[in-house]
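got a structure for you, letters missing:
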């Protein structure tokens, strides 16, 4: 089969790889249709690692994907050949203490697509996945929307964990695909007022069009004074979606006492420092968001019903032969890119 692999830093190449074996038990053989390029893929593309997880070349990247079922294993009962599916890239054991507690996202033996030491990615022609990771999509749903179910599921999970209500005032620092997905899900949950920042003007413009009450570019606007002038008591929740220590510190300034700082972005450094005195005095709750948990089906339903409109997130399409260009585009934040998709023939 054809696969797109990272063969060295900043180099994605097409390779011929062995076809996967026939599905067994509740496994399902997929024909990959479309794959989104994610920020974590770019970490591996640029740095070859996220924290201690380092790539061994060649390595197949990718975890946001939509596929068509070619063959279901003999014990599969929910999925059948011909189904178009959104894919949850996290393969949980369903046996450990975390899974038994309903925390499959922190499974002790979790295997995640495109994560070194766990599982090869989905930038390949064929892939075998457990039936439990697959969610059939309705005929009217596009492949792009099916791919977006993955980042939107992370956002919906984060919004759930934050306890967003119609009274909530919310900050979102970083308006990339995850930050904009959080904006859409927070609006769906009825957040009263949303404030969004990003360093890229095109992205703040998209946030304004998607319902943000205020948008700003750090360094151009005085972010904390401008937001606190509008919400003098501070914000109830801030989602840090950029993985930047400066944004985390800014979030603490923006939050009211008793507020919640939701950490979604992936920092490039292993350690960060935060102003512990202010955190303590304000009694700020820090919540780390580890991917998503049991949110994919709800996102499929919300997209299918038109209750979340996310098509604007997809800005670029590439064929397999253009994969290198796709990664370079996303890495360089070029041409107004938000989400780039790679389509398999």
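Received the coordinates, thanks. Keep in mind that what you see is a predicted model, and the values were worked out from it rather than measured. Numbering: from 1, shown residues only.

when you work out contacts or count neighbours from here on, use the C-alpha atoms and nothing else.
OK.

where along the protein do the helices fall?
Along the chain, counting by DSSP state H, helices occupy 39-47, 97-100, 143-162, 177-188, 201-209, 223-230, 245-254, 276-282, 296-304, 323-331.

mean confidence for the first one?
Per-residue confidence for helix 39-47 averages out to 96 on the pLDDT scale.

hmm, back to that, now the helices of the chain as a markdown table including mean neighbour count?
Converted to a markdown table, the helices of the chain look like this (neighbours: other CA atoms under 10 Å):
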| stretch | mean neighbour count |
| --- | --- |
| helix 39-47 | 20 |
| helix 97-100 | 15 |
| helix 143-162 | 24 |
| helix 177-188 | 26 |
| helix 201-209 | 18 |
| helix 223-230 | 15 |
| helix 245-254 | 20 |
| helix 276-282 | 13 |
| helix 296-304 | 20 |
| helix 323-331 | 20 |
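
for residue 66, which of these is the nearest?
helix 143-162 (5.2 Å; CA to CA).

just checking, what packs against the closest one?
Counting contacts by 3 or more CA pairs under 8 Å, 6 or more residues apart in numbering; DSSP states H and E, helix 143-162 packs against strand 27-36, strand 64-72, strand 84-87, helix 177-188, strand 255-263, helix 296-304.

residue 324 is nearest to which of those?
Residue 324 lies closest, by CA to CA, to one member of these: strand 27-36, at 13.3 Å.

report the angle between the axes of the closest one and helix 323-331?
Angle of strand 27-36 versus helix 323-331, following axes from the mean of the first three to the mean of the last three CA atoms, to 10 degrees, is 60 degrees.

distance from strand 27-36 to the middle of the chain?
Remark: strand 27-36 is offset 18 Å from the chain centroid, using CA atoms, centre = their mean, to the nearest Å.

gap between the two ends of stretch 248-265?
With CA to CA, to the nearest Å as the measure, stretch 248-265 spans 10 Å from end to end.

same check, this time on stretch 161-175
19 Å.

quick check: mean pLDDT of that stretch?
97.

that older thread, now the helices and strands packed on helix 143-162 in a markdown table, with distance to residue 159?
Formatted as a markdown table, the helices and strands packed on helix 143-162 follow (distance: least, CA to CA, whole Å):
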| stretch | distance to residue 159 |
| --- | --- |
| strand 27-36 | 22 |
| strand 64-72 | 20 |
| strand 84-87 | 21 |
| helix 177-188 | 6 |
| strand 255-263 | 9 |
| helix 296-304 | 13 |
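
show me the domain layout of this protein.
Domain ranges of the chain: 2-136+310-343, 154-288, per automatic domain parsing.

tabulate the ones you listed (JSON lines), appending distance to residue 147.
Listed next are these as JSON lines, based on distance: least, CA to CA, whole Å:
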{"stretch": "domain 2-136+310-343", "distance to residue 147": "5"}
{"stretch": "domain 154-288", "distance to residue 147": "12"}
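
out of the helices and strands packed on helix 143-162, nearest to residue 96?
Nearest of those (CA to CA): strand 27-36, 19.9 Å.

quick one: contacts for residue 251?
Applying CA atoms under 8 Å, 6 or more residues apart in numbering, one finds that residue 251 lies in contact with 171, 173, 238, 239, 240, 261.

and the two most separated of those residues?
173 and 261 (10.7 Å).

quick revisit: between the domains of the chain, which one is closest to residue 148.
Across the domains of the chain, closest to residue 148 is domain 2-136+310-343 (CA to CA), at 7.4 Å.

still on that earlier bit, okay, residue 173 and residue 261: which has more neighbours?
Neighbour count, other CA atoms under 10 Å: between residue 173 and residue 261, residue 173 has more, with 29 against 24.

low pLDDT regions in the stretch 51-200 of the chain?
Scanning the stretch 51-200 of the chain for pLDDT under 70 picks out nothing.

what bits of the stretch 201-345 of the chain have low per-residue confidence?
The stretch 201-345 of the chain contains no residues with pLDDT under 70.

appreciated, that's everything.
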